[in-house]
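K.L.:
Attaching a predicted model along with its sequence, questions to come.
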2 protein chains.
Amino acid sequence: MFVSSTDELPTPPWSSLKGRKPARRPLSREAIVDAALAVVDAGGLAALNMRRLAEELDTGPASLYAHVSGKDELLQLLIDRVAAEVEVPAPDPERWQGQVKDFARELRARLSAHRDLAGASLANIPTGPHALLVIDGLLGILRAGGLPDQVVAYAADLLPQFITIDAYEGSLYAERMEREPDYFEEFRTYMRALPASRFPNIAALVEPMMGDDEDADDRFEFGLDLIVRGLASFAHR
Amino acid sequence: MFVSSTDELPTPPWSSLKGRKPARRPLSREAIVDAALAVVDAGGLAALNMRRLAEELDTGPASLYAHVSGKDELLQLLIDRVAAEVEVPAPDPERWQGQVKDFARELRARLSAHRDLAGASLANIPTGPHALLVIDGLLGILRAGGLPDQVVAYAADLLPQFITIDAYEGSLYAERMEREPDYFEEFRTYMRALPASRFPNIAALVEPMMGDDEDADDRFEFGLDLIVRGLASFAHR
DNA sequence: ACCTGAACACCGTTCAAGT
DNA sequence: ACCTGAACACCGTTCAAGT
């Protein structure tokens, strides 16, 4: 069979297509979500709007509504796309605590890879198929730990919530530092200057409170360890 | 001294003021924040915009900018107004764990009293004077528990985060139920219908996962207990 | 069935002009 | 100093009309 697509060869100079924009990828949910994720990766959630997204896809905003019911659904699809990237291991009863921690680090990393996208899953609780698979995987790890069903159920809410908010706050911090490189230093100075008479405990603890950059990871690990230790106290084996 | 203000008596029928709108309260940060909180209480964060807020104050949107730098600052002021209502007890070393829990319940209740306002403090970390006093109070309780400084510092981040996100999600749930009374029942049905072949753990745990209305409080208490137990394991006394 | 231009009904914020 | 009307530069979404 001869080449039947113009995609695979450069356009010859005599072609009437010469000088046109590259053939536009036909619109589809897939293509829209791909483009939306690219916009978020480049400029965060604030940069994502239907008009700009349409522009990215070489069309008008109205055209998007044939494939997506609106911006809310688009955000849900974005979240589920990211959830699809999360790898959840098969439960190993011997090391369920380590697996819970690895799960938390994995989800945090996947969310943090897309700026403040985590914020979108705070407003709309994710119920897409991939998100549900992630939850199912987490439930599996927790059950293998021999925890009571109600504890497993609560923990499967609590952990993703903790992870998501941490990723979100982290992204806001990163964004802030991008726009205002010395914001954090100014804030630290402000906190150090608070009068000890009215804020005795802040005054006493400014330094441990205002950590450096690596501190964000430490704080996450601290919270994670706290939760897992608490869960372990419920294990009946 | 004679009455010098028209505010204290009904307008007499011969007054030229008769039939006018009641004398407008002069604009001020206070008045603007009051009105904004009333708008949020009535319709949530989504209902709060500068134009509608101006209307509420019988003026144009541009007038607000003489007292408030913009919507971001307004939200910060709103959060700090709510923080001012939070009561923090003086530390009692004997019952620091109970005090931490009482603190958490108090902050949650204050936030939950204003619809989804908690969401505003997720995007912008509160640094207003009253918010800092609240943090200082929490630090005091934790220090009285004999916890290491770094643990105290991390916990003072983690706890408000946990409380705020819980209040926020709770408000979103409440709002959803207001608009779509049988949303939750539909969602429960959907979860029950998930194929056990692909979602074995969800299938096994739908019931503990999909609690009733009081479940929200139970889940909060569970998370709170988990955190406090974890903290207690660091106490050196 | 899919796409489009144009419009509708909103937003936050600015700015020159008024008092 | 404080307030205002009017405009600027955006938004999400709809809808009649096209192919």
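P.N.:
Received it, and whenever you're ready, just let me know what you need. Numbers count the residues shown, from 1 in each chain, chains lettered A, B, ... in the order given.
K.L.:
for chain A, what are the low-confidence residue spans?
P.N.:
Across chain A, the ranges flagged by pLDDT under 70 are A:1-24, A:237.
K.L.:
element containing residue A:186, please.
P.N.:
Remark: residue A:186 resides in helix A:183-192, with elements defined by DSSP states H and E.
K.L.:
hang on, isn't residue A:91 packed against residue A:141?
P.N.:
Yes. Counting by CB atoms under 8 Å, residue A:91 touches residue A:141, with 4.9 Å between them. All C-beta spots, glycine's among them, are computed from the backbone N, C-alpha and C.
K.L.:
These two - which one has more neighbours?
P.N.:
Neighbour totals were compared for residue A:91 and residue A:141, and residue A:141 leads with 28 against 19 (other CB atoms under 10 Å in any protein chain shown).
K.L.:
The more buried one and residue A:226: what is the separation?
P.N.:
Using CB to CB, to the nearest Å, residue A:141 is found at 18 Å from residue A:226.
K.L.:
Which strand or helix spans the residue in chain A that DNA strand C sits nearest to?
P.N.:
Going by CB to the nearest atom of the strand, DNA strand C is nearest to residue A:62 of chain A, at 2.8 Å. Assignment of secondary structure by DSSP H and E places residue A:62 within helix A:61-64.
K.L.:
Can you list the neighbours in contact with the very next helix or strand once past that helix?
P.N.:
Counting by DSSP H and E, the next helix or strand C-terminal to helix A:61-64 is helix A:71-83. Helix A:71-83 is contacted by residues A:29, A:32-33, A:36-37, A:40, A:49-50, A:64, A:68, A:110-111, A:113-114, A:117, A:120-121, A:124, A:126-131, A:133-134 when judged by CB atoms under 8 Å, 6 or more residues apart in numbering or on different chains.
K.L.:
hmm, 7 Å instead?
P.N.:
A:29, A:33, A:36-37, A:40, A:50, A:68, A:110-111, A:114, A:117, A:120-121, A:124, A:126, A:128-131, A:134 (CB atoms under 7 Å, 6 or more residues apart in numbering or on different chains).
K.L.:
Whether that helix contacts DNA strand C - can you check?
P.N.:
No. Judged by CB under 7 Å from any atom of the strand, helix A:71-83 and DNA strand C are separated, with a smallest distance of 13.1 Å.
K.L.:
Just the buried positions in that helix, please.
P.N.:
Within helix A:71-83, the residues scored as buried using 16 or more other CB atoms under 10 Å in any protein chain shown are A:74-83.
K.L.:
I'd like to know which of the residues you listed is nearest to DNA strand D.
P.N.:
Looking across the buried residues of helix A:71-83 and measuring by CB to the nearest atom of the strand, the closest to DNA strand D is residue A:74, at 7.5 Å.
K.L.:
Tell me how far the residue of chain A closest to DNA strand C lies from residue B:181.
P.N.:
For residue A:62, the distance to residue B:181 (CB to CB) stands at 32 Å.
K.L.:
cool, residue A:167 as well?
P.N.:
Taking CB to CB, one finds residue A:167 at 33 Å from residue B:181.
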